[in-house]
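S.K.: any chance you could fold what I've pasted below:
(one chain, ligands or ions: 1)
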Amino acid sequence: MTTEEIEFNELCKENGIEVLESDLGELIVQLAGEKPYHLVTPAMHKNRAEIGQLFHKYLGAPVTEDAAELTMIARSHLRNAYITSDIGVTGANFIIADEGAVVMTENEGNGRLTMSCPVTHVVIVGIEKVLPRLSDLALFLPLLATSGTGQQLTGYNSIIRGPRQKGENDGPENMYVILLDNGRSELYQKDRFRQALGCIRCGSCLNACPVYRTIGGHTYHTTYQGPIGSVLTPQFLGMDQWHHLPYASSLCAACSSVCPVNINLHELLLENRWEIYQTKQSGSAWKWGLNLWAWTMTSRFRLNFISGLTRLIYRFFLPFLSKGKRKRIPVLPVKTFAETWKIYEKQK
Ligand code: SF4
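M.R.: The predicted structure is shown next:
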């Protein structure tokens, strides 16, 4: 995700360098010309038939919907690239201070091949990923696996302490570790937001979020989607462009309740909203809209009047609003909740 964050692939392409994603999900979205849909499962929005068509179109494979066959197609496509590539670039799930080690945890073995086959291995990792001791992995590896994919431990866990040494057969000749700040130090200075740097990118808050589940990952247009994305993106990239994201939440706190590192995500979303309000990033239309909403909601008469009017307009415009492939506007019930409640009370 760190390379997504700095648009590394795009930069390489601009400089004539070919980049091949080795994670199966990432490879699928790369072929489709899309961004990852989810922090942990980047191609979860594609079904087997769509993936089969992509492999047929871009890799020249025979059309298939069989999961095992699709995996074998990706495998044979990638296998040669591991051996012939000049540089393998990976991220890291953790970096260990006392051992000076990089830790990668994955299920496909692609990370291990990427870092060991090419001559040079480059790690791009956020500075917040530092753990003090190697023994901390006893907690963090199962924590990440359980929250991310529901496993007790992921399939491949690698601890790398440097390039190949004298007398060793495997590993790259050179290894570089790039520590990425990209707004993290600034976030660390903010007392309330510091906790967001504890995120281990497990994706649990996305899975629990009713907004993410409804609108999907691509709607955010961000590297990090869902609740954690709506906390981090405005902080990293600026409130002026991303002030709408903290409002993509019902504040139900489902995200906070599932976060394995106890980040109070819903409170941080409110903090972001407060910052937006204070810096007037949301603009006057939003302010007037909220004032109008407050004025309406504080009077039964006004609420009934506006809701009646809205229903009339809604009925008139519904045929036009429901057009289009992606949106289906639900039909409103004939009676409002207040009207139904009145009838219920009378019948009691
Ligand atoms: S904020 Fe918590 S739940 Fe969300 S991805 Fe990060 S660690 Fe997981």
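
S.K.: correct me, but residue 42 touches residue 31?
M.R.: No. The pair residue 42 and residue 31 fails to qualify as a contact (C-beta atoms under 8 Å) at a distance of 11.8 Å. The way it works is simple: take the backbone N, C-alpha and C, and place the C-beta from them, glycine included.

S.K.: so between these two, which is more surrounded?
M.R.: Using other C-beta atoms under 10 Å as the criterion, residue 42 and residue 31 rank with residue 42 on top: 24 against 18.

S.K.: any idea how far the more buried one is from residue 121?
M.R.: Distance, residue 42 to residue 121, using C-beta to C-beta, to the nearest Å: 22 Å.

S.K.: hmm, stretch 200-209 touching the ligand?
M.R.: Yes. Among the residues of stretch 200-209, 200-205 lie within reach of the ligand under C-beta under 6 Å from any ligand atom.

S.K.: make a markdown table out of those residues and add distance to residue 96 and pLDDT.
M.R.: Listed next are those as a markdown table, based on distance: C-beta to C-beta, whole Å; pLDDT from 0 to 100:
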| residue | distance to residue 96 | pLDDT |
| --- | --- | --- |
| 200 | 14 | 95 |
| 201 | 17 | 95 |
| 202 | 19 | 95 |
| 203 | 23 | 95 |
| 204 | 23 | 96 |
| 205 | 25 | 96 |
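
S.K.: pipe those residues into a markdown table and attach neighbour count, distance to residue 71 and secondary structure per row.
M.R.: Shown next, in a markdown table, are the residues of stretch 200-209 next to the ligand (neighbours: other C-beta atoms under 10 Å; distance: C-beta to C-beta, whole Å; DSSP: H, G, I helix; E, B strand; the rest coil):
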| residue | neighbour count | distance to residue 71 | secondary structure |
| --- | --- | --- | --- |
| 200 | 20 | 27 | coil |
| 201 | 18 | 24 | coil |
| 202 | 23 | 24 | coil |
| 203 | 23 | 21 | coil |
| 204 | 25 | 25 | helix |
| 205 | 28 | 28 | helix |
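
S.K.: the stretch 151-300 of the chain: helices as residue ranges?
M.R.: Listed in chain order, the helices of the stretch 151-300 of the chain (DSSP state H, counting those that start in this stretch) span 184-189, 204-208, 210-215, 226-237, 239-242, 254-258, 265-278, 283-297, 300-321.
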